[in-house]
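> Could you look at this predicted model? Sequence included:
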Amino acid sequence: MSVGLFILVSLVKIALVFFILLTAVAYTVWLERKVVGHMQNRWGPTRVGPFGLLQPAADGVKFLFKEDLTPPHVHKTLYIAAPMIAVMFALTSIAVIPFGNWVAIGDTIYTPLQITDVNIGLLVILGVTSLGVYGIALSGWSSNNKYSLLGGLRASAQMISYEISLGLSLVGVLILSGSFSLREIVQAQSGHFWGFIPKWNIFYGGQFVAFFVYLMAAYAETNRIPFDLPEAETELVAGYHTEYSAMKFAMFFMAEYANMVTVGCLATLLFLGGWSGPIFGPYILQVLLPVFWFVAKVFVFMFIYIWVRGTLPRFRYDQLMAFGWKFLLPVAIANVVITALIVALRS
Amino acid sequence: MHLILFLIFGAVCVAGAVNLLLQHHPIDSALSLVVVMGALAAEYLLLGAEFVAAVQVIVYAGAIMVLFVFVIMLLNAGEEARSGGSRIAWVIGVPGMLLGGILMSWVLLKHSGTGQVEVGSLPGSPQDIGWLLFHDFLLPFEVTSILVLIAIMGAVVLASHAQSAEKKEG
């Protein structure tokens, strides 16, 4: 493949993935309003389009035309930069996530269904998401508002605490697959146990413990119920984004949902076998079916996110810290030690 | 190409470090330090040490500097008061710094020369680093971990001491 063609293919892939991600973000919001509505015996959005399907577009237009307020006495530069930082790092991490196998189009184009395949893909995602904390922390500080500041402080303390459990829960998977490349981690999960149970990491060597830790830590990392203390509206108005309006608020909103999508993709890749699943039919189906399995698994993950939101109440702050440090962290460390022992004894 | 990128990120790194010293507000200084960390990570990446680069971002920029920002936010630290710096610092400090810099670069140039290194020829992959840490340098690694453990225990003792003192007062 020549350099020009490579650049062209990459640009097309970037545009496509970006478009799909933004659409997914918009329709996760729609799905959430709809599902939570039905759980609470309401209809959710119904007015704009059939089943309220055009509601995200209406919301987008509304955000664009709302008055963009900047309160007095804010730290101007950081106040404007904070939502950009949040949304930028939230959208960046999708770049290393693989969606399916390699694809051949004609004789000249042979490319993976992924923007770029780096051999430390997992670490790139961890690094990028860990930088996303700055958006939230700085928005809380620069707003010059006590509720924002408390929200920003809670968010940074919570995210640092749960990042440790999150990172350690992934170590077991890394030991089993022996690679940081997300593509290789998925390939290590192909095949079946005894012919019918898929060889996903969640079924392998007690990694469901790691999956549980990952799930809990991921909810805390994305500031979702039951860990949404940074924006607990009964205590803090709206937490770190109290002073934001119009598109700046929408950026925080997008960042939150984009992070949810990333977390769902990562869970699918690491624990649920990525795009592996039954594949049959002609070549076009063989290309599209893995992508379908991948999207279906991510969708299930998003649905559980919304389900949990419709079910659980919020933690108290001391409960949140105790849960993270006294329960999740020891469990994650025990999982690392036991997995390492199993692998060492087997080899 | 590599040289150009190296110079760009080096310039960003130095500019961030200078900005760190010049800024009046602690938050601005802390954010400049984040820029320095990021530029350093890019330099590691250019050397083919992708694992070290990722760890630099995750640990320094993503965790330690967030804690810096957290503490500054928590204390609600205001702008620094300006002082012209002490006279001793100007008379002895600046020439001393220059002398030290010249001495260090002279020693480095004399002992290592200005050879060229191919990208990726040095050990930088996760496997290489794991082997070095847990095989060749196992003892220093374990000693360091005990040091860190001692520091953690010290922090716990200090924090619990302050808490029990508070209880006595209340």
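In hand now; what should we look at?

> Neighbours of residue A:341, how many?
Neighbour count of residue A:341, defined by other Cβ atoms under 10 Å in any protein chain shown: 10. C-beta: built from backbone N, CA, C; applies to glycine.

> With chain B as the reference, measure out to it.
15 Å (Cβ to the nearest Cβ, to the nearest Å).

> repeat for residue A:7
For residue A:7 relative to chain B (Cβ to the nearest Cβ), the value is 16 Å.

> Tell me how many other residues surround that residue.
Neighbour number of residue A:7 under other Cβ under 10 Å is 10.

> do you know how far it is from residue A:111?
According to Cβ to Cβ, to the nearest Å, residue A:7 and residue A:111 sit 12 Å apart.

> and residue A:273, that's in a strand?
No. Looking at residue A:273 with DSSP: H, G, I helix; E, B strand; the rest coil, it is coil, so not inside a strand.

> how deep is it tucked in, by neighbour count?
Residue A:273 has 24 nearby residues by other Cβ under 10 Å.

> One more: residue A:95?
18.

> Return the distance of the longest helix seen in chain A from the chain's centre.
If you go by DSSP state H, chain A has its longest helix at helix A:3-39. Its chain's average C-alpha position is 13 Å from that of helix A:3-39, according to Cα atoms, centre = their mean, to the nearest Å.

> Buried residues in it, which are they?
A:9, A:13, A:17, A:21-22, A:24-37 (16 or more other Cβ atoms under 10 Å in any protein chain shown).

> could you give the mean pLDDT of the helix or strand following that helix?
Of the helices and strands lying after helix A:3-39 in sequence (DSSP states H and E), the nearest is helix A:55-65. Here helix A:55-65 scores 87 as its mean pLDDT.

> Residues contacting helix A:55-65, please?
For helix A:55-65, the surrounding residues in contact (Cβ atoms under 8 Å, 6 or more residues apart in numbering or on different chains) are A:26-27, A:29-30, A:33, A:45, A:47-49, A:246-247, A:249-250.

> Nearest to chain B among the residues you listed?
Checking the contacts of helix A:55-65 against chain B by Cβ to the nearest Cβ gives residue A:249 as the nearest, at 20.8 Å.

> For residue A:97, which non-adjacent residue is spatially closest?
residue A:265 (4.8 Å; Cβ to Cβ, 6 or more residues apart in numbering or on different chains).

> ok, that neighbour - how many residues close by?
So residue A:265, with other Cβ under 10 Å, has 25 neighbours.

> That one reaches residue A:299, doesn't it?
No. Contact criterion Cβ atoms under 8 Å: residue A:265 and residue A:299 do not qualify, at 11.1 Å.

> so who does residue B:14 touch?
Contacts of residue B:14 by Cβ under 8 Å, 6+ apart: none found.

> if you set the cut-off to 10 Å instead, what comes out?
B:36, B:39 (Cβ atoms under 10 Å, 6 or more residues apart in numbering or on different chains).

> got the CA positions of the host helix or strand of it in PDB?
Assigned by DSSP H and E, residue B:14 belongs to helix B:2-22. Below are the C-alpha coordinates for helix B:2-22, written out as PDB (Å, rounded to 0.1, in the frame of the first residue of the first chain):
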ATOM      1  CA  HIS B   2      13.300  12.500  14.300                       C
ATOM      2  CA  LEU B   3      15.700  15.400  14.900                       C
ATOM      3  CA  ILE B   4      13.000  18.000  14.100                       C
ATOM      4  CA  LEU B   5      10.500  16.300  16.400                       C
ATOM      5  CA  PHE B   6      13.200  16.000  19.100                       C
ATOM      6  CA  LEU B   7      13.900  19.700  18.900                       C
ATOM      7  CA  ILE B   8      10.300  20.700  18.900                       C
ATOM      8  CA  PHE B   9       9.400  18.600  22.000                       C
ATOM      9  CA  GLY B  10      12.700  19.700  23.600                       C
ATOM     10  CA  ALA B  11      11.700  23.300  23.100                       C
ATOM     11  CA  VAL B  12       8.200  22.700  24.500                       C
ATOM     12  CA  CYS B  13       9.800  21.000  27.500                       C
ATOM     13  CA  VAL B  14      12.200  23.900  28.300                       C
ATOM     14  CA  ALA B  15       9.500  26.500  27.600                       C
ATOM     15  CA  GLY B  16       7.200  24.700  30.100                       C
ATOM     16  CA  ALA B  17       9.900  24.500  32.700                       C
ATOM     17  CA  VAL B  18      10.700  28.300  32.300                       C
ATOM     18  CA  ASN B  19       7.000  29.100  32.400                       C
ATOM     19  CA  LEU B  20       6.700  27.000  35.600                       C
ATOM     20  CA  LEU B  21       9.100  29.400  37.300                       C
ATOM     21  CA  LEU B  22       7.700  32.600  35.800                       C
END
